[in-house]
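S.K.: generate a structure from the sequence data that follows.
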Amino acid sequence: TTVIPAEVPAPEINQPTAGATTITGTGVAGDTVTVYGNDGTEIGTVVVDDNGTWTVDDPDGVNLEAGDTISVVQNDNYGDQSEPVSTTVLPGEVTPPNINAPMAGANTITGTGEAGDTVTVVTEDGTEIGSAVVDSDGNWSVNVPDDMSLIEGDNIAAVQTDQNGNQSKYASTQVQAA
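M.R.: Predicted coordinates for the structure are as follows:
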């Protein structure tokens, strides 16, 4: 008779978000899990712990971006390997910024957000008013261009983009009477 390879169950992988510094999942305790990046390069290898979970830290130079494909295989202690399992990196969750309702004719639009992120303010039709980096206190301020004026009842919106390029949903407000 011929000894056939054992069937190794495929590990589970939790769908990571862009900018994540670890990749996690579950597998068979004691088996080895290897994680591969978008281009097939090895990101890391780890032994599944006694609870059946595993965590691989992203090495320096590996930056998970939305849309990347991550694949994982599991090897048992006899050298048998599972089929690969893949997942796609999700965009990171970014909280929308807060935008203060400006007065008609105001020269600046202000609000709060996540320090270090960039807030971009647009008109209702999508025309960019301006953008600013949120300061260390969580505040941002965008100057209204000289050729633009805020009119009572106009709708404006702000979107926040983190340092990994992930974008929030839009937060909107209406220009108030002066």
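S.K.: relative to residue 20, how far out is the most centrally placed residue in the chain?
M.R.: By C-alpha atoms, centre = their mean, the chain has its centre lying nearest to residue 92, at 1.8 Å. Distance, residue 92 to residue 20, by C-beta to C-beta, to the nearest Å: 8 Å. Every residue, glycine included, has its C-beta placed from N, CA and C.
S.K.: over to residue 161?
M.R.: 17 Å.
S.K.: do I have it right that residue 164 meets residue 90?
M.R.: No. Assessed by C-beta atoms under 8 Å, residue 164 is found out of contact with residue 90, at 11.6 Å.
S.K.: common neighbours of the two, please.
M.R.: Taking C-beta atoms under 8 Å, 6 or more residues apart in numbering as the criterion, residue 164 and residue 90 both touch residue 18.
S.K.: low-confidence ranges in the chain?
M.R.: 5 (pLDDT under 70).
S.K.: excluding its backbone neighbours, what's nearest residue 13?
M.R.: residue 25 (4.1 Å; C-beta to C-beta, 6 or more residues apart in numbering).
S.K.: same check, this time on residue 133
M.R.: In space, residue 133 is closest to residue 118, 5.4 Å off (C-beta to C-beta, 6+ apart).
S.K.: neighbours of the one you found, how many?
M.R.: 19 (other C-beta atoms under 10 Å).
S.K.: and it, how far from residue 161?
M.R.: With distances taken as C-beta to C-beta, residue 118 is found 5 Å from residue 161.
S.K.: ok, residue 112 next?
M.R.: From residue 112 to residue 161 the distance is 15 Å (C-beta to C-beta).
S.K.: for residue 103, same thing?
M.R.: From residue 103 to residue 161 the distance is 26 Å (C-beta to C-beta).
S.K.: between the two, who's got more neighbours?
M.R.: residue 161 (17 against 12).
S.K.: the residue nearest to residue 13: which element?
M.R.: Secondary structure assignment for residue 25, by DSSP states H and E: strand 22-26.
S.K.: so which bits of that strand are buried?
M.R.: Neighbour-count burial for strand 22-26, with 16 or more other C-beta atoms under 10 Å as criterion, is recorded at 23, 24, 25, 26.
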